[in-house]
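**Student:** following is a predicted model, sequence given first.
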Amino acid sequence: MTGAAKGVNHKPVRKSAARLNAVQALYQMDVAATPLPEILAQFETHWIGKEIEGDEIAAADVTLFRDIVAGVLREQRVIDLALDAALVHGWPLKRIEAVLRAVLRAGAYELSGRPDIPARVVVAEYVNVAAAFLDREETGMVNAVLDGLARESRAGEFTG
């Protein structure tokens, strides 16, 4: 590692890892009905920043990870209503595959519950998370849905 590389700010990587882990946790909670305290303990003890089968899992911003997972659960009813309204007519959120649902919920939570994070950053981050798990069409859907929610709820960030 060069001297210049040592000074690199790893904050964005840790935040991206938090989002990726949050989506995985939300997915697991959705399909396996794992309770919040158990999922947080499981991820923080066994996944985040650990080496698994020779692959090192990136260290994550645990505070952001916890906020996203708990925030989605706390605000799920409102988030799901907003997502249902943003989705193509006839495709309610409950009919969407669980990973895609987790990505959309996490992104929608950050757009509504984290005004300190620019909307464009939120949309771009969840498009990247979606690309890790989903095909191109579904990734495009994440972009369209979250961008629409962002422009509606944070219009001021898109004017000028």
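**Tutor:** All right, it came through fine. Numbers count the residues shown, from 1 in each chain.
**Student:** just the strands in this protein please.
**Tutor:** For the chain, strands defined by DSSP state E occupy the ranges 51-52, 55-56.
**Student:** what mean pLDDT does the last one have?
**Tutor:** Per-region confidence: strand 55-56 scores 56 on mean pLDDT.
**Student:** need the contact partners of stretch 121-131.
**Tutor:** For stretch 121-131, contacts defined as CB atoms under 8 Å, 6 or more residues apart in numbering pick out 15-16, 19-20, 23, 100, 103-104, 106-107, 110-111, 114, 138-139, 142-143, 146-147, 150. Where C-beta positions appear, they are placed from N, C-alpha and C, glycine not excepted.
**Student:** alpha carbons only: can I get it in CSV?
**Tutor:** C-alpha atoms of stretch 121-131 as CSV (Å, rounded to 0.1, in the frame of the first residue of the first chain):
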residue,chain,number,x,y,z
VAL,A,121,-26.4,9.4,-3.3
VAL,A,122,-29.2,7.2,-1.8
VAL,A,123,-30.6,6.3,-5.3
ALA,A,124,-27.1,5.6,-6.7
GLU,A,125,-26.1,3.5,-3.7
TYR,A,126,-29.2,1.3,-3.9
VAL,A,127,-28.9,0.9,-7.7
ASN,A,128,-25.4,-0.5,-6.9
VAL,A,129,-26.7,-2.8,-4.2
ALA,A,130,-29.4,-4.0,-6.6
ALA,A,131,-26.8,-4.7,-9.3
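**Student:** what about it, distance to the chain center?
**Tutor:** Relative to the centre of its chain, stretch 121-131 is centred 7 Å away, using CA atoms, centre = their mean, to the nearest Å.
**Student:** which of the residues in that stretch are buried?
**Tutor:** Neighbour-count burial for stretch 121-131 flags 122-123, 125-127, 129-130 (criterion: 16 or more other CB atoms under 10 Å).
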